[in-house]
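> I would like the atomic coordinates for the input below:
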Amino acid sequence: MGITRDARPSLPPAVVSQDNRLRRTSESKDRRARQTIFVAGAQTVAALVFLAPIVWMYVASLRPDLDIRSGNLVPTRVSLDNFVHLFELDIVPQAFLNSAIIAAFSSVIVTTVSTLSAYALSRFRFRGRGFTHGFLLAGQLVPGLVVLVPIIVAFRQLGLADSLVGLTIAHLTLGLPIAVLLLRNYLAEIPVALEEAAIVDGCSRVGALFRIVLPLLRPALVAVTAFSFILSWGEYVVALSLITTDDKKTLPLSMQYLFQLYGVDLGVVMAFGVIISLPVAVLFMFIQRSFVSNLGTGGIKE
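Residues are numbered from 1 along each chain as shown. As a prediction, the model looks like this:
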């Protein structure tokens, strides 16, 4: 009897091991590709859900009131009449200017003061440093409505009520604590050795701050400035409590003039919503790169 043998040649163990690794690598890539497709699909659906009302508002701002009330999603006529009618109201241009002034000053002052405060808390050792940090944290635990009444009473006693200066100061009290905490966390990631090296090379403490720390801190500064601007731009409760004169009202306060006793023009209201949201959207378009940029890029060389 003849002995039958397997006609297939046996592969070396090294070749079999390499083939198994390649197969596992291919399966891992396929699994990651499926996960990526699933996550991308979920993110797309979520973005559509959140952006649908905003897109509808922007489209409706270009439609007449009767066209919006018809219920059709596709506009039959598009025009800028709503924006023209909106700016024909005396209070709207003045409210836009008031909001821009308050938000600009508030964001600049918050960024400047919080940068210096966070630098002192991060780099210097002084008595009361821990208490100051804890006080800032405790301030974030207190709701804004709790301190609203004391702010109103104090501002009325100081003669700051019903003024743009008083409202700007009130917005500073809302934005400073979180800005200091945010910048302090960013500063903790910047090595102190970089400043020490600059000081050894002849740079002063202030020079090291402006030449070394601030360039590395730019993403955080952009974030704090944008946050302060947006917080002041759309703030309503404090402004409603402090401002009573029409020519000093901000955009959120002036919106109440669009709602009449017997009806409301939906097209004009949507146009007003676009005016309020558009500066914020444009601001994020310009600063989005700073949010994702590396904090320490170029700071440390391998």
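
> Please count neighbours and contacts with C-alpha atoms only from this point.
Will do.

> quick one, domains of the chain?
Here the domain assignment for the chain is 13-60, 81-292, based on automatic domain parsing.

> mind checking which of the ones you listed is nearest residue 72?
Proximity to residue 72, assessed across these by Cα to Cα, is greatest for domain 13-60 (10.6 Å).

> Adding mean pLDDT, mean neighbour count and distance to residue 70, write the domains of the chain out as CSV.
Output for the domains of the chain, formatted as CSV (pLDDT from 0 to 100; neighbours: other Cα atoms under 10 Å; distance: least, Cα to Cα, whole Å):
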stretch, mean pLDDT, mean neighbour count, distance to residue 70
domain 13-60, 77, 12, 12
domain 81-292, 84, 17, 12
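
> Any idea which of these gets closest to residue 73?
With Cα to Cα as the criterion, residue 73 lies closest to domain 13-60 of the domains of the chain, at 8.4 Å.

> for this structure, what spans make up the helices?
13-60, 65-69, 81-88, 91-123, 129-141, 148-158, 164-188, 192-200, 205-208, 214-216, 218-233, 237-242, 251-254, 266-292 (DSSP state H).

> And the second one, what's buried?
So the one you mean is helix 65-69. 65, 67-68 (16 or more other Cα atoms under 10 Å).

> What are the contacting residues of it?
With contact meaning Cα atoms under 8 Å, 6 or more residues apart in numbering, helix 65-69 is reached by 60, 75-77, 265-268.

> Show me which of those is closest to residue 110.
Distances from residue 110 to the contacts of helix 65-69, taken by Cα to Cα, are shortest for residue 268, at 33.6 Å.

> residues in contact with the residue nearest to the spatial centre of the chain?
For the chain, the residue nearest the mean C-alpha position is residue 227 (4.9 Å; Cα atoms, centre = their mean). Contacts for residue 227 (Cα under 8 Å, 6+ apart) come out as residue 107.

> Likewise for residue 228?
Applying Cα under 8 Å, 6+ apart, the residues near residue 228 are 103, 106-107, 110-111, 175.

> Tabulate those residues in a markdown table, adding columns for distance to residue 124.
Shown next, in a markdown table, are these (distance: Cα to Cα, whole Å):
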| residue | distance to residue 124 |
| --- | --- |
| 103 | 31 |
| 106 | 26 |
| 107 | 25 |
| 110 | 21 |
| 111 | 19 |
| 175 | 23 |
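
> Could you work out the most separated pair of these?
Largest pairwise distance in the contacts of residue 228, by Cα to Cα, is 12.0 Å, between 103 and 111.

> Pull up the gap between residue 50 and residue 43, please.
Separation of residue 50 from residue 43 (Cα to Cα, to the nearest Å) stands at 11 Å.

> on that earlier part again, and the contacts of helix 65-69, which is closest to residue 281?
Proximity of the contacts of helix 65-69 to residue 281 (Cα to Cα) peaks at residue 60, which lies at 17.5 Å.

> Just to check, the closest one is in contact with residue 270?
Yes. Contact criterion Cα atoms under 8 Å: residue 60 and residue 270 qualify, at 6.3 Å.

> circling back to that earlier point, quick check, nearest of the contacts of helix 65-69 to residue 152?
For these, the nearest to residue 152 is residue 268 (32.5 Å; Cα to Cα).

> Quick check: the closest one touching residue 85?
Yes. If you go by Cα under 8 Å, residue 268 and residue 85 touch, sitting 7.4 Å apart.

> So residue 53 versus residue 274, what's the distance?
12 Å.

> just residue 163 next, same as before
Taking Cα to Cα, one finds residue 163 at 26 Å from residue 274.

> and residue 134, how far is that from residue 220?
21 Å.

> now swap in residue 107 and tell me
Taken as Cα to Cα, the span from residue 107 to residue 220 is 13 Å.

> and what of residue 284?
Taking Cα to Cα, one finds residue 284 at 14 Å from residue 220.

> Ok, residue 183 next?
As judged by Cα to Cα, residue 183 and residue 220 stand 6 Å apart.

> my guess is residue 246 contacts residue 91, does it?
Yes. Between residue 246 and residue 91 there is a contact under Cα under 8 Å: 7.1 Å.

> shared neighbours of the two, which are they?
Contacts common to residue 246 and residue 91, judged by Cα under 8 Å, 6+ apart, are residue 254.

> tell me the contacts of residue 233?
Contacts of residue 233 (Cα under 8 Å, 6+ apart): 99-100, 102-103.
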